[in-house]
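Enquirer: generate coordinates for the sequence data below:
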Amino acid sequence: MEIPQQLLRYKYHLIVTIVASLALCSLFLLAPRFVDLLAYFWPLFLSTALFLVAVLVFGRISPPPTDAAGEKTGEGLLDYVAGQPEQAVGTFKSE
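Expert: As a prediction, the model looks like this:
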């Protein structure tokens, strides 16, 4: 009688182990082989590799950016996007 009590004690562990084993086995039996995946996606892998190589090459051969007139990077763009508040205040009429 001791063995069935031990099995009842670990019943959830056994159920989880059996379900995980069945899921893993079905994954190996039903999933496509790795070679089939490579055969299907090789154009995508090749184009991605070529793009990454192009990024690395352009990163190496491009000159480092120089600051124009001591501006911080993107400061001119931020000023343009933010507008010029001193002009915007003057356009509103106060009542």
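Enquirer: so, low pLDDT: which residues of the protein?
Expert: 1, 65-71, 73, 84-95 (pLDDT under 70).
Enquirer: which parts of it are helices?
Expert: Ranges of helices in the chain, per DSSP state H, are 2-9, 11-30, 34-61, 75-82, 85-91.
Enquirer: ok, now how distant is residue 27 from residue 11?
Expert: 25 Å (CB to CB, to the nearest Å). Where you see a C-beta, it was placed from the backbone N, CA and C, and this is true even at glycine.
Enquirer: likewise residue 29?
Expert: With CB to CB as the criterion, residue 29 and residue 11 are 27 Å apart.
Enquirer: same drill for the two, tell me which one is more crowded.
Expert: residue 11 (10 against 7; other CB atoms under 10 Å).
Enquirer: list the contacts for that one?
Expert: The contact partners of residue 11, taken as CB atoms under 8 Å, 6 or more residues apart in numbering, number zero.
Enquirer: now it: how far from residue 19?
Expert: Using CB to CB, residue 11 is found at 13 Å from residue 19.
Enquirer: and residue 34, how many neighbours does it have?
Expert: Residue 34 has 8 nearby residues by other CB under 10 Å.
Enquirer: same question for residue 83.
Expert: Residue 83: 9 surrounding residues under other CB under 10 Å.
Enquirer: for residue 8, same thing?
Expert: Neighbours of residue 8 under the rule other CB under 10 Å: 9.
Enquirer: next one: it from residue 16, what distance?
Expert: For residue 8 relative to residue 16 (CB to CB), the value is 15 Å.
Enquirer: again with residue 28
Expert: According to CB to CB, residue 28 stands 19 Å off from residue 16.
Enquirer: which one's more surrounded, these two?
Expert: Neighbour count, other CB under 10 Å: between residue 28 and residue 16, residue 16 has more, with 10 against 7.
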